[in-house]
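Chemist: sharing a model prediction with you, sequence too.
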There are 2 protein chains.
Amino acid sequence: AEVSRERAGPAKLLLLGYLSYVVAGWIALSLGVSQAKPLSALDTLFTAVSAVSTTGLTTIDTGSSYTFTGQVFVCLLIQLGGIGYMTCSSFLFLSFRDRLNATQEKTARTAYSLPDSITPALFIRSVVLFTLGCEILGALALYPILKAGGEAQPVWSAVFHSVSAFCTAGFSLRSDSFAPYVADVPLNLTLAALSILGAMGFIVVTDIVRRFIGKTRHFGFTTKVIAQMTATLLVAGTLLIFLGEGSIAGMPAWERLLAAFFQAMSASTTVGFNTINVGGVSNATLVVLLLLMFVGASPAGTGGGLKTTSFAALIGLVRSTLKGRSSVRFAKREVPPAQLQAATTSLACYCGALTIAVFLLGLSEPAARFDAIVFEAVSAIGTVGLSMGLTTGLSAIGKLILVALMIVGRLGVLTFGLATAVPDETEEEEADNELAV
Amino acid sequence: AEVSRERAGPAKLLLLGYLSYVVAGWIALSLGVSQAKPLSALDTLFTAVSAVSTTGLTTIDTGSSYTFTGQVFVCLLIQLGGIGYMTCSSFLFLSFRDRLNATQEKTARTAYSLPDSITPALFIRSVVLFTLGCEILGALALYPILKAGGEAQPVWSAVFHSVSAFCTAGFSLRSDSFAPYVADVPLNLTLAALSILGAMGFIVVTDIVRRFIGKTRHFGFTTKVIAQMTATLLVAGTLLIFLGEGSIAGMPAWERLLAAFFQAMSASTTVGFNTINVGGVSNATLVVLLLLMFVGASPAGTGGGLKTTSFAALIGLVRSTLKGRSSVRFAKREVPPAQLQAATTSLACYCGALTIAVFLLGLSEPAARFDAIVFEAVSAIGTVGLSMGLTTGLSAIGKLILVALMIVGRLGVLTFGLATAVPDETEEEEADNELAV
Ligand SMILES: [K+]
Ligand SMILES: [K+]
């Protein structure tokens, strides 16, 4: 019982924090100075939610609909959403005090599922410094590429896309994402590096920092699981798309491999950029992309989805049941029962939320194809932002359904459930519960 | 550890039993006397597997492809598959001896997840007598309806469809299932009654029998959960299809309600008959049918799917996690950890098996629509037999994928996993495992 009572409070704080960012962003994007042409209130809300949740789905073209000022707001919202409102506010707080107060610490632990060995203060300092460092290096690497590619404002484009990649937001100032750059090795690898670093998450980063400064000699279990799962998903996804996707079969082998890798990376890290037309892929590739988006990135990172660690716990559960173990293990380590319960509950909640969302989208978008609806829903709840082309043609109700999915997806279905759940146990049930224990 | 070591042996027996039935059926349907026209070996294998697994998917029309003799073989395979090879052989055995031997008893408990309060001998007697009783009554009820409907052989048609309904097989001698009978109340209700009785399962039936003969005054917990879940799924499914499906919106209200109920019942019980064109339904209705087929029928019944009890355990898991209980409960009773582990493992295995199957079908059927593939895979693993029209046009590899799905679906993904899993623990792992305990 302690697990969720400890978590429900911070979960509510997280939800409120995100919602306040969304409202602030909505207001900023509604200002005349932000808009290059008149935009509806629903479209600016959609942009704000998509940016704060680092999803990247867009009902309107970001580059041509917003002025430079508006684009700066979008970039700030992405940055705030990516690092998390908690980290930012805690960092400011740390300038004055050395330790977080108890509530802030609990919020931090809820948001990032921190192992006990890492202190929040160290964690947050590492996060912010590492984020800024990566984004600056990324912008420096992107600038000459985008300049050579003929972008109108290469400096701003480099900064915007570096932030968008590291925060796995996938927002692009280009209306075709990066289709013309499908064979550009430096651009693909720079975006991939930024996205993978963001998606592997801050636990891994902090672990690396701790090892560099000599505080530990070994990587933690979580870090090892994240590294193993991320590599497995990227390699398997790349190979399956490389071998099975007909629309890239005509490319030279290396270009085809790069395109397959970039699309698998884009789905798995939940960054959501694309160099190939996702709306035109085969059903087999669709399944690969859906699975990668569903599993998603790693905890305490900028990406979404069920999370690689939950997926590992589920693999451990299946293998342990088949082998007849009552304790569930992964990589020879026991998965704690509380984490296993979180993973199985997450799976059930994700499946449930997706079923409801696809049903409602089926009603609100009667002319849409089933695969496009499923893809859109998985993309939104996984905060991925890839689309088969449905987003721009959505009805108003469809847009609101996606807004809800993006918020739920960013907070994590489970955290969202804890935040909104009313403890409705009657006294009788409570007594019954205590007897059972 | 005892759980699966006790179950792996019986699970292997179950798998071998089903496979021997499939081989016997394949041979019987390959005989010249069975075939009304030359049939390929793959199509007769498909029919045998579909009949033994009580799925009802067909690559060829049953009524016109097989002679009366062939149709009798199909009916026998359905009956054997429905009651289960274990029940039949045990019943024969009981004619000579009064008690099952230890291996048979374990097999019975594995196949039907029996509560401890019900003895296998009583269980099997009840099953066979109840099955024959229901099927005879069903045939008597169907005969006048089918005769009035102008069927060529009303007696045989009544017997065949009664068996096919109670065993939730959904095989039909009519090429259009029951589309012309969409507004025929007696036919719809007779088929529904047979299917629901079969799908609610033998635990419920035995419980009712025990109450009638005065051995107990209360229904068991499993019986209550099955009754509650079955009713909820049927009512919710009927309402959602009634309100949301455009293709039946033009019908008179009562006819529309009957059509919605019949299709929801067909998916939920996994019988798989249809009175409306499943290939033409809206995306919203598609989601409802997919969910009902995925959840499926109840344990120890003739139907397939994840099972209503597993679904109840998952609902209990989500609610318990949100309310902060570490013990998982449903309907105020604690779900035993072993059953919860089975339910969550089943969910993970089903999702995994479906993902792999849809991916492979995407490769083997490059021209098929995504929704048709997903529907076909869910229908096959749930042993439902509804189709959006893909089955008859499947490639040879596609047929083999469905054959595998139907066998896996009939045995239950988990039982199948236990049957085929090789205990591959190294000595080191074994030692590690013992330390952990
Ligand atoms: K994204
Ligand atoms: K069936």
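Modeler: Arrived safely. Ligands and ions are numbered 1, 2, ... in the order given.
Chemist: contacting residues around A:L347?
Modeler: Shown in contact with A:L347 (C-beta atoms under 8 Å, 6 or more residues apart in numbering or on different chains): A:L306, A:S310, A:L314, B:T344, B:L347, B:A348, B:C351. C-beta: built from backbone N, CA, C; applies to glycine.
Chemist: quick one, phi/psi of the closest residue to ligand 2 within the stretch 1-150 of chain A?
Modeler: The minimum distance from the stretch 1-150 of chain A to ligand 2, using C-beta to the ion, falls at A:L57 (38.8 Å). For A:L57, the backbone dihedrals (degrees, to the nearest 10) come out as phi -70, psi 140.
Chemist: where are the low-confidence patches of the stretch 151-300 of chain A?
Modeler: Applying pLDDT under 70 to the stretch 151-300 of chain A picks out residues A:206, A:215-216.
Chemist: please list the residues of it that sit near chain B.
Modeler: Taking C-beta under 8 Å from any C-beta of the partner chain as the criterion, the stretch 151-300 of chain A approaches chain B at residues A:L240, A:G244, A:G246, A:S282, A:N283, A:A284, A:T285, A:L286, A:V287, A:V288, A:L291.
Chemist: and the last one, how far from ligand 2?
Modeler: Counting by C-beta to the ion, to the nearest Å, the separation of A:L291 from ligand 2 is 28 Å.
Chemist: could you verify my assumption that that residue touches B:L354?
Modeler: No: counting by C-beta atoms under 8 Å, A:L291 does not reach B:L354; the two are 10.6 Å apart.
Chemist: who has more neighbours out of these two?
Modeler: Between A:L291 and B:L354, A:L291 has the larger neighbour count (other C-beta atoms under 10 Å in any protein chain shown), namely 23 against 20.
Chemist: dump the residue contacts of the more buried one.
Modeler: Counting by C-beta under 8 Å, 6+ apart, A:L291 makes contact with B:T355.
Chemist: what number of residues are in the vicinity of the residue nearest to A:V413 when sequence neighbours are not counted?
Modeler: Of all residues not flanking A:V413 in the chain, A:C349 sits nearest, at 4.1 Å (C-beta to C-beta, 6 or more residues apart in numbering or on different chains). Other residues within reach of A:C349, judged by other C-beta under 10 Å, total 22.
Chemist: hmm, back to that, just the residues of the stretch 151-300 of chain A next to chain B: which are in helices?
Modeler: Among these, the residues falling in helices (DSSP state H) are A:L240, A:G244, A:N283, A:A284, A:T285, A:L286, A:V287, A:V288, A:L291.
Chemist: against ligand 1, how distant is the third one?
Modeler: Distance of A:N283 to ligand 1, given as C-beta to the ion: 23 Å.
Chemist: do the fourth one as well
Modeler: With the distance defined as C-beta to the ion, A:A284 ends up 23 Å from ligand 1.
Chemist: got it, and the fifth one?
Modeler: A:T285 is 19 Å from ligand 1, where distance means C-beta to the ion.
Chemist: nearest residue to that residue other than its sequence neighbours?
Modeler: A:T285 sits nearest to A:E245 (C-beta to C-beta, 6+ apart), 4.5 Å away.
Chemist: list the contacts of A:F130.
Modeler: Listed by C-beta under 8 Å, 6+ apart, the contact set of A:F130 reads A:F202, A:V205, A:V209.
Chemist: so stretch A:365-375, near chain B or not?
Modeler: Yes: interface with chain B: stretch A:365-375 contributes A:E365, A:P366, A:A368, A:R369, A:F370, A:D371, A:I373, A:V374 (C-beta under 8 Å from any C-beta).
Chemist: would you list the buried entries among those?
Modeler: For these, a burial check counting by 16 or more other C-beta atoms under 10 Å in any protein chain shown picks out A:E365, A:A368, A:R369, A:F370, A:D371, A:I373, A:V374.
Chemist: excluding chain neighbours, give the residue nearest to the fifth one in space.
Modeler: Put plainly, it is A:D371. A:D371's closest residue in space is B:F370 (C-beta to C-beta, 6+ apart), at 3.7 Å.
Chemist: mind listing the helices for the stretch 151-300 of chain A?
Modeler: A:154-166, A:185-200, A:202-212, A:221-244, A:253-268, A:283-295 (DSSP state H, counting those that start in this stretch).
Chemist: to B:L76, which of the ones you listed lies closest?
Modeler: Closest to B:L76 of the helices of the stretch 151-300 of chain A, according to C-beta to C-beta: helix A:283-295, at 37.2 Å.
Chemist: any idea which helix or strand comes after the closest one?
Modeler: Beyond helix A:283-295 in the direction of the C-terminus, DSSP states H and E gives the next helix or strand as helix A:308-323.
Chemist: what mean pLDDT does that next one get?
Modeler: For helix A:308-323, mean pLDDT rounds to 88.
Chemist: what helices or strands is it leaning on?
Modeler: When contacts are defined as 3 or more C-beta pairs under 8 Å, 6 or more residues apart in numbering or on different chains; DSSP states H and E, helix A:308-323 packs onto helix A:221-244, strand A:329-330, helix A:337-364, helix B:2-30, helix B:337-364, helix B:413-420.
Chemist: coming back round to it: now the helices of the stretch 151-300 of chain A as a markdown table including distance to B:A48?
Modeler: Output for these, formatted as a markdown table (distance: least, C-beta to C-beta, whole Å):
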| stretch | distance to B:A48 |
| --- | --- |
| helix A:154-166 | 54 |
| helix A:185-200 | 48 |
| helix A:202-212 | 52 |
| helix A:221-244 | 31 |
| helix A:253-268 | 40 |
| helix A:283-295 | 28 |
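Chemist: among the ones you listed, which comes closest to A:A331?
Modeler: Nearest to A:A331 among these is helix A:221-244 (6.3 Å), distances taken as C-beta to C-beta.
Chemist: got the contact list for the closest one?
Modeler: Residues beyond helix A:221-244 that count as contacts (C-beta under 8 Å, 6+ apart) turn out to be A:115, A:196, A:199-201, A:203-204, A:207, A:219, A:248, A:256-257, A:260-261, A:263-265, A:267-268, A:282, A:284-285, A:288-289, A:292, A:295, A:298-299, A:308-309, A:311-312, A:330-331, A:333, B:359, B:362-363.
Chemist: do that again at 6 Å, thanks
Modeler: For helix A:221-244, contacts defined as C-beta atoms under 6 Å, 6 or more residues apart in numbering or on different chains pick out A:115, A:200, A:203-204, A:207, A:257, A:260-261, A:263-264, A:268, A:284-285, A:288, A:292, A:298, A:308-309, A:312, A:333.
Chemist: what's the angle from it to helix B:337-364?
Modeler: 30 degrees (axes from the mean of the first three to the mean of the last three C-alpha atoms, to 10 degrees).
Chemist: buried stuff in helix A:221-244?
Modeler: Buried-residue list, helix A:221-244, by 16+ other C-beta under 10 Å: A:222-223, A:225-227, A:229-230, A:233-234, A:237-238, A:240-242, A:244.
Chemist: which among the contacts of A:L347 are in contact with ligand 1?
Modeler: Contacts with ligand 1 are made by none of the contacts of A:L347, judged by C-beta under 5 Å from the ion.
Chemist: and which of those is nearest to ligand 1?
Modeler: A:L306 (15.0 Å).
Chemist: any idea which residue of chain A lies closest to ligand 2?
Modeler: Taking C-beta to the ion, chain A has A:T355 as its residue nearest ligand 2, at 21.8 Å.
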